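1. Coordinates for the following, if possible.
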Amino acid sequence: MNTFAQMALIAVAGSAMGLAANALSPHPAALQQPVISAAEAGGGSCAMPATETPAVSAPAPWRATRIGVEDAKGLCTACLAGFVDARGAHEYAHGHIANAIHLPPAGHPDEPAAIGQLRTYALVVVYDGEYSCAVADDVAGRLRRAGLPDVRVLQGAWPAWVASKGPSEAGMCGVCGLEAVPR
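-> Got it, this is the predicted structure:
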């Protein structure tokens, strides 16, 4: 087989493997849809909040106000804010902000009690595990709809908190019946 035929075979095989892997992925890439960068869409990442809302034809999803890690660390240390971990139970159990309440995107078995506990704080900070903070924005929106007046999302999410050496602990949430362990 000549070199050109080998290159063509490799390209076809690689493309087929990529499409198959995408089809089997739990988060497949949307094919045949235009790709719009965060800058074009006016979104951006959690670490770099947009300074103003762009004019778009369709209403943009609600996006919580952001709070920096250093500001949030001060509030955490002084117990002046409630913290909500919007990640999955497994991630929460392996480490979370000290005293954070676990409220994943799908809800929580005792969510009304958790929201009642959050009502004791003037400010609630929600975080997830991704810099895009999409899950945290969703949970923050749910908390706002539940009547909490000041709900913000942590810039940089859990990775930024860990990098800044913010207070954290590990263990299941109190509703799950296991105690958290300081880290």
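
2. Can I get the helix or strand harbouring Ala21 in CSV, CA atoms only?
-> Using DSSP states H and E, Ala21 maps to helix 3-24. Presented in CSV, the C-alpha positions along helix 3-24 are these (Å, rounded to 0.1, in the frame of the first residue of the first chain):
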residue,chain,number,x,y,z
THR,A,3,1.9,6.3,1.6
PHE,A,4,-1.2,8.2,0.4
ALA,A,5,-3.5,5.2,0.9
GLN,A,6,-2.1,4.6,4.4
MET,A,7,-2.7,8.3,5.4
ALA,A,8,-6.2,8.1,4.0
LEU,A,9,-6.9,4.9,5.9
ILE,A,10,-5.6,6.4,9.2
ALA,A,11,-7.7,9.5,8.7
VAL,A,12,-10.9,7.5,8.0
ALA,A,13,-10.2,5.1,10.9
GLY,A,14,-9.4,8.0,13.3
SER,A,15,-12.6,9.9,12.3
ALA,A,16,-14.7,6.8,12.8
MET,A,17,-13.2,6.1,16.2
GLY,A,18,-13.7,9.7,17.2
LEU,A,19,-17.4,9.7,16.2
ALA,A,20,-18.0,6.4,18.0
ALA,A,21,-16.3,7.7,21.2
ASN,A,22,-18.5,10.9,21.0
ALA,A,23,-21.6,8.8,20.5
LEU,A,24,-20.8,6.7,23.6
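
3. just checking, what packs against that helix?
-> Applying 3 or more Cβ pairs under 8 Å, 6 or more residues apart in numbering; DSSP states H and E, one finds that helix 3-24 contacts no other helix or strand. Where C-beta positions appear, they are placed from N, C-alpha and C, glycine not excepted.

4. buried sites along that helix?
-> For helix 3-24, the buried set under the neighbour-count rule, 16 or more other Cβ atoms under 10 Å, is empty.

5. Let me see the mean pLDDT of that helix.
-> Computed over helix 3-24, the mean pLDDT rounds to 86.

6. from the chain's centre, how far out does that helix sit?
-> Its chain's average C-alpha position is 34 Å from that of helix 3-24, according to Cα atoms, centre = their mean, to the nearest Å.

7. Of all the residues in stretch 82-102, which ones are buried?
-> Applying 16+ other Cβ under 10 Å to stretch 82-102 flags 82-88, 91-93, 95-97, 100-102 as buried.

8. which one of these sits closest to Gly147?
-> Nearest to Gly147 among the buried residues of stretch 82-102 is Gly82, at 13.8 Å by Cβ to Cβ.
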